[in-house]
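> Quick one: sequence plus predicted model below, questions after.
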Amino acid sequence: MKYKVAIATDDGVRVAPRFGHAEYFAVFNVERGKMAGWELRANPGVGKPKIGRILAGDGVAPFLDCKAVICMDAAPGVSNKLRDIGLELILTHLPKVEDAMHAYLDGYLSPVARTRQTPRADTGEFHTDWA
């Protein structure tokens, strides 16, 4: 089976700390469960306040042809938007892009289901619950 996986990055080496702030996406080709090359794609939404426009499926997002997107963190609701267009969001704390990709292929990383925002009892501020 062939598919692609995108990893948020600023330099092609390290996983970017935030999905919407990543300068690029390292897009890996996967064939028969192994990496079969990759390319670096610019993120046209970097620095824009609403990543949702890119996630709307207008064809400009660098990862719309992928099965999953891997990053360290994402704003609330990103996993829901990704799922709505048929993509999985995978969170990792591994700092290197290649290590994160190997962990995904080896089954150590799992997709986030849905997120919801709930108010904190002590401050009333909202925080994100990752399922």
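It's in.
> Only C-alpha atoms from now on, for both contacts and neighbour counts.
Will do.
> just the helices in this protein please.
Secondary structure of the chain, counting by DSSP state H: helices at 52-55, 78-84, 97-105.
> Over the first one, what's the mean pLDDT, rounded is fine.
What it means is helix 52-55. Mean per-residue pLDDT for helix 52-55: 54.
> so where is this structure shaky, pLDDT-wise?
Low-confidence segments of the chain, defined by pLDDT under 70: 47-60, 76, 113-131.
> give me the number of residues near residue 22?
Number of residues near residue 22 (other Cα atoms under 10 Å) recorded here: 22.
> Now for the closest residue to residue 37 other than its chain neighbours, how many residues are close by?
Excluding the flanking residues, the one nearest residue 37 by Cα to Cα, 6 or more residues apart in numbering is residue 29, at 5.6 Å. Neighbours of residue 29 under the rule other Cα under 10 Å: 18.
> ok, now which ones touch residue 6?
Residues near residue 6 by Cα atoms under 8 Å, 6 or more residues apart in numbering: 25, 26, 27, 28, 63, 66, 68, 69, 70.
> For residue 40, find the nearest of the helices of the chain.
Evaluated over the helices of the chain, closeness to residue 40 peaks at helix 97-105, with 11.4 Å, by Cα to Cα.
> May I have the phi/psi pair for residue 86?
Main-chain torsions, residue 86, degrees, to the nearest 10: phi 90, psi 20.
> if we can go back for a sec, and the helices of the chain as CSV, adding mean neighbour count and distance to residue 42?
Listed next are the helices of the chain as CSV, based on neighbours: other Cα atoms under 10 Å; distance: least, Cα to Cα, whole Å:
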stretch, mean neighbour count, distance to residue 42
helix 52-55, 16, 13
helix 78-84, 19, 18
helix 97-105, 19, 15
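> Can you say which of the ones you listed is nearest to residue 19?
helix 78-84 (8.7 Å).
> sorry, back to before: could the helices of the chain go into a markdown table alongside distance to residue 44?
Formatted as a markdown table, those follow (distance: least, Cα to Cα, whole Å):
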| stretch | distance to residue 44 |
| --- | --- |
| helix 52-55 | 8 |
| helix 78-84 | 16 |
| helix 97-105 | 20 |
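> I am finished for the moment; much appreciated.
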